[in-house]
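Peer 1: got a sequence here, can you build the structure:
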Amino acid sequence: MDGIETYWIWLIVGLALAALEMIVPGVYLIWMAMAALAIAALAFVSGPPLAMQIIAWVSLSLIFAFSAKRWLRDRPIISSDPLLNNRTGRLVGETALVTKAIESGSGRVKVGDGEWNARGSDADIGTRVRIIGSRGSDLLVEPVALLDGSAAKDA
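Peer 2: A predicted model of the protein is given here:
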């Protein structure tokens, strides 16, 4: 290129992609940024033709991205809160109040300040149920066994 060396362009592209990685959700621009910085180093040392630099950048981007995907698949990141984005999973174990009778296996329950579709054994309005799981956005529930006075006295 006239007037400017291509390694400066690759360096600017690499730094711009790395900066965009911090703004854009997901983890994919960093691999293209690393490839661009590698091509900047290659262009500084040997200066291959621009077409070869572009082919090398595309190839390195794909190699970096697929290598990272495989590496992260084999070594998953352990989270301190694995149910962070699993709203229904976080509700397992909670008790809920039936707001629409569960008949023929489906109804509605109130958990906290929201209502959810529920599936489980039949229950009348006002019955307390425990959430035991989820299927899609439906909560799977079972009636809460209350201790009656006679069972507590026998114990």
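Peer 1: residue contacts, L37?
Peer 2: For L37, the contacting residues are 10-11, 14-15, taking Cβ atoms under 8 Å, 6 or more residues apart in numbering as the criterion. Any C-beta I mention is one placed from the backbone N, CA and C, and that applies to glycine too.
Peer 1: so it, which state does it fall into?
Peer 2: The three-state label given to L37 by DSSP: H, G, I helix; E, B strand; the rest coil is helix.
Peer 1: and the pLDDT for it?
Peer 2: For L37, the pLDDT comes out at 96.
Peer 1: distance check, it against L91.
Peer 2: Taking Cβ to Cβ, to the nearest Å as the measure, L37 falls 45 Å from L91.
Peer 1: and which of the contacts of L37 is nearest R73?
Peer 2: G14 (25.7 Å; Cβ to Cβ).
Peer 1: if we ignore the residues flanking it in sequence, what's nearest the closest one?
Peer 2: A36 (3.4 Å; Cβ to Cβ, 6 or more residues apart in numbering).
Peer 1: for stretch 105-125, measure first residue to last.
Peer 2: Terminal residues of stretch 105-125 are spaced 14 Å apart (Cα to Cα, to the nearest Å).
Peer 1: buried set for that stretch?
Peer 2: Using 16 or more other Cβ atoms under 10 Å as the test for burial, stretch 105-125 gives 107-109, 111, 116, 118-120, 123.
Peer 1: how does the protein divide into domains?
Peer 2: In terms of domains, the chain is parsed into 6-74, 87-145 (source: automatic domain parsing).
Peer 1: out of those, flag the one nearest S80.
Peer 2: Using Cβ to Cβ, the domains of the chain put domain 87-145 closest to S80, at 13.9 Å.
Peer 1: related to what we said a few turns ago, buried ones among the contacts of L37?
Peer 2: Buried residues within the contacts of L37, counting neighbours by 16+ other Cβ under 10 Å: 10-11, 14.
Peer 1: as JSON lines, these with secondary structure would be great.
Peer 2: Shown next, in JSON lines, are the buried ones among the contacts of L37 (three-state DSSP):
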{"residue": "W10", "secondary structure": "helix"}
{"residue": "L11", "secondary structure": "helix"}
{"residue": "G14", "secondary structure": "helix"}
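Peer 1: V129 bridge partners, please.
Peer 2: A96, P143 (DSSP bridges).
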